[in-house]
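Novice: Sequence and computational prediction follow.
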Amino acid sequence: MRWKEIPNVTWNEPEQIVEGCINAQLKILTGYRGYGKTDKWKLREALKPGHVAISLTGEPTVYPQLGELIRLFHKRGFTTFLVSNGTIPEALTELSQEPTQLYISLCAYDEQSFLETCRPQSAKAWGKLNETLSLLPSFRCPTVTRLTLARNLNMKHPELYARIIEEANPTYIEPKAYMHVGFSRLRLSYDHTPSYKEIQVFAGDLAKDAGYNVLDEAPESRVVLLSRLEKAIRLT
């Protein structure tokens, strides 16, 4: 694959993004108002969103006004979860406003497994990711290393993951199963999706190697939450 920067990029202002997100949420809920089987309590809750996940579509740290975007969401009373692949550490060091919680994706236990799993566009991506992980102790907000694990690909060597995580010392570690959805289906099969039991076993081994405890788990999402805390921090 080849990538060429689009010349003369025009970025949306943070205010536009905040308003656009809220309006889009209200728009997709329109049809539920007149549907007789709609859970009224859930509808009222959905009409007043209070949480923003800054993730999923591309790498959010590319956006030059990310700190201001987070600040404006907080001003509106939202909590913010920022999810990054960690390849632009300088963007995180320059954040003018921290998110409510920061997630860094860690999908490999060494450079070779990183190249096979993530297929980065930049030859420096593995080094950049490790630089980002080294920054996590400097954040005041809770931090998370999220491991998306695929059977027969990167769900190996918990002791090597533990060694990488040691320097980051995140508040939480979140091992979760790869799900066979989206564009990943073009190169991975359903057989790459681990069972919840497999995730439990891997998480237990990782917890032991990293010195963390199993804090919580969600079988329906095939995810386990590890932490040195006795209970999760309640975010408001």
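Specialist: Looks like it arrived, so ask away.

Novice: Okay, helices next: where are they in this protein?
Specialist: Ranges of helices in the chain, per DSSP state H, are 14-28, 40-46, 66-75, 89-93, 111-118, 125-135, 158-168, 196-210.

Novice: With respect to residue 56, which of these lies nearest?
Specialist: helix 14-28 (12.4 Å; Cβ to Cβ). In short, each C-beta sits where N, CA and C put it, glycine included.

Novice: residues in contact with that closest one?
Specialist: Here helix 14-28 makes contact (Cβ atoms under 8 Å, 6 or more residues apart in numbering) with 12, 46-47, 49, 52, 65, 68-69, 71-73, 76.

Novice: between the residues you listed, which is nearest residue 228?
Specialist: residue 52 (27.1 Å).

Novice: Roughly how far does that closest one sit from residue 200?
Specialist: From residue 52 over to residue 200 the distance is 30 Å, taken as Cβ to Cβ, to the nearest Å.

Novice: Looking at those two, which one has more neighbours?
Specialist: residue 52 (23 against 17; other Cβ atoms under 10 Å).

Novice: I'd say the more buried one and residue 76 touch.
Specialist: No. If you go by Cβ atoms under 8 Å, residue 52 and residue 76 don't touch, sitting 9.1 Å apart.

Novice: Centroid-nearest residue for this protein?
Specialist: Closest to where the C-alpha atoms of the chain average out (Cα atoms, centre = their mean) is residue 83, at 3.6 Å.

Novice: Quick check: bridge partners of that one?
Specialist: Judged by DSSP bridges, the bridge partners of residue 83 are residue 103.

Novice: How much space separates it from residue 181?
Specialist: 16 Å.

Novice: One more: residue 188?
Specialist: Following Cβ to Cβ, the distance that separates residue 188 from residue 181 is 10 Å.

Novice: Let me know how buried residue 145 is, in neighbour terms.
Specialist: 25.

Novice: Give the buried residues for stretch 186-199.
Specialist: By 16 or more other Cβ atoms under 10 Å, the buried positions in stretch 186-199 come out as 188, 192-194, 196, 199.

Novice: Just flag the most distant two among those.
Specialist: Checking the buried residues of stretch 186-199 with Cβ to Cβ, the most distant pair is 188 and 196, at 18.4 Å.

Novice: What pLDDT is listed against the most far-flung residue of the chain relative to its centre?
Specialist: Most distant from the centre of the chain: residue 36, at 35.5 Å, with distances by Cα atoms, centre = their mean. On pLDDT, residue 36 comes in at 89.
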